[in-house]
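> Whatever this is, show me its structure:
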Amino acid sequence: MVGVFPSLPIAIPLDPRQMKRSALVAALLLSPALLAAQTTIGGPGGTFLGPFGYDPSNTATYGQTFVTPTTDTRLDAFSFWLGGAPDVHFRAYVYAWDNTLGHATGNALFTSSLMSGPAGAGYTEVAVSTGGVNLTGGGLFVAFFSTTGEIGSGDNRWSASMNGYADGHFVYFNNATQAQWTDATWDGATSHAAYDAQFSMTFNAGDVSTVPEPASVALLATGLIGLGGMGLRRRARTQG
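Now for the predicted structure:
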């Protein structure tokens, strides 16, 4: 007598073309959702600080301390909002910042070409593209404009706020040389800690997330179940 036994699923090799299609389906389903991962930090306006211009008549260096995001650490651009004379010439800089000593530390991480202040009574964004400066995640840094070493006249006012940004503050320095940035306590290292410049900083511009969305994971599960069913149907046709 021939016994009838319930069939047990066994592994049946898939056709190589089917395996390639399956791998492609899995790769597509596991690919990250195209969500922008760039991070922007900043502070609003509402009041002003000044005058920023040429030493000794005006303060030569104005800036803002900030903390780099933990994961998005490439600083691609930053902006300050200025109003006043267009004949104020300055450069933009980025340094590490020592909050205990109250001054910049190390070498310049970024130095711009010569820039000019905006004209008019209102406040205009002065944007700086860094080309991508890699900073330490969670580190404390300072971005600033300075007329130090430049020749000109006039002054600017900076748009600012009171306690507009929690992880840093406005700083200034009546310095005469660039060397003083890293070996002397800035005048405004603590005296204006309640103020923040109006600023914006963009990190990892254009990058995308690397974490699949829950919907993508669900689609992957559905696809794998379908592939499993295909294998069983293929086995049934082979046995028949």
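> Which residue would you name as the spatial centre of this protein?
Closest to where the C-alpha atoms of the chain average out (Cα atoms, centre = their mean) is residue 203, at 1.4 Å.
> wouldn't that one be in contact with residue 39 here?
Yes. The pair residue 203 and residue 39 passes the contact test of Cβ atoms under 8 Å, sitting 4.5 Å apart. In this view, the C-beta of every residue, glycine as well, is placed from N, C-alpha and C.
> can you give me the helices in the chain?
Applying DSSP state H to the chain gives helices spanning 16-30, 180-183, 214-239.
> if we look at the shortest one, which residues are touching it?
Put plainly, it is helix 180-183. 61, 93, 95, 103-106, 146, 173, 175 (Cβ atoms under 8 Å, 6 or more residues apart in numbering).
> What are the buried residues along that helix?
Of all the residues in helix 180-183, those buried under the rule 16 or more other Cβ atoms under 10 Å are 180-182.
> Show me which of those is closest to residue 198.
Of all those, residue 198 sits closest to residue 181, with 22.2 Å by Cβ to Cβ.
> Let's see the pLDDT reported for that closest one.
Predicted confidence (pLDDT) for residue 181: 98.
> how close does the nearest residue to residue 163 once chain neighbours are set aside get to residue 77?
What sits nearest to residue 163 in space, not counting adjacent residues and going by Cβ to Cβ, 6 or more residues apart in numbering, is residue 194, at 5.9 Å. According to Cβ to Cβ, to the nearest Å, residue 194 stands 26 Å off from residue 77.
> do residue 112 as well
With the distance defined as Cβ to Cβ, residue 112 ends up 11 Å from residue 77.
> Identify the contacts common to those two.
residue 128.
> What's the local residue count around the residue nearest to residue 163?
Here the number of neighbours of residue 194 (other Cβ atoms under 10 Å) works out to 11.
> And for the one 10 residues further on?
Around residue 204 there are 19 other residues, counting by other Cβ under 10 Å.
> check contacts around the residue nearest to it when sequence neighbours are not counted.
In this structure, residue 204 finds its nearest non-sequential neighbour in residue 72, 4.1 Å apart by Cβ to Cβ, 6+ apart. Contacts for residue 72 (Cβ under 8 Å, 6+ apart) come out as 37-39, 203-204, 207.
> again, but for residue 122
For residue 122, the set of contacting residues under the criterion of Cβ under 8 Å, 6+ apart consists of residue 83.
> And it, what's its pLDDT?
Per-residue confidence for residue 122 comes out at a pLDDT of 86.
> Next, it: phi, psi?
Backbone torsions for residue 122, taken as degrees, to the nearest 10, come to phi -80, psi -180.
> how close does it get to residue 138?
Residue 122 is 36 Å from residue 138, by Cβ to Cβ.
> next one: residue 91
27 Å.
> Could you pull out the strands in this protein for me?
Counting by DSSP state E, the chain forms strands over residues 39-43, 47-53, 61-67, 74-84, 89-98, 103-111, 115-116, 124-134, 140-146, 155-162, 170-173, 195-197, 199-203, given from the N-terminal end onward.
> How far does stretch 49-62 stretch from one end to the other?
As for stretch 49-62, its first-to-last residue distance stands at 9 Å under the measure Cα to Cα, to the nearest Å.
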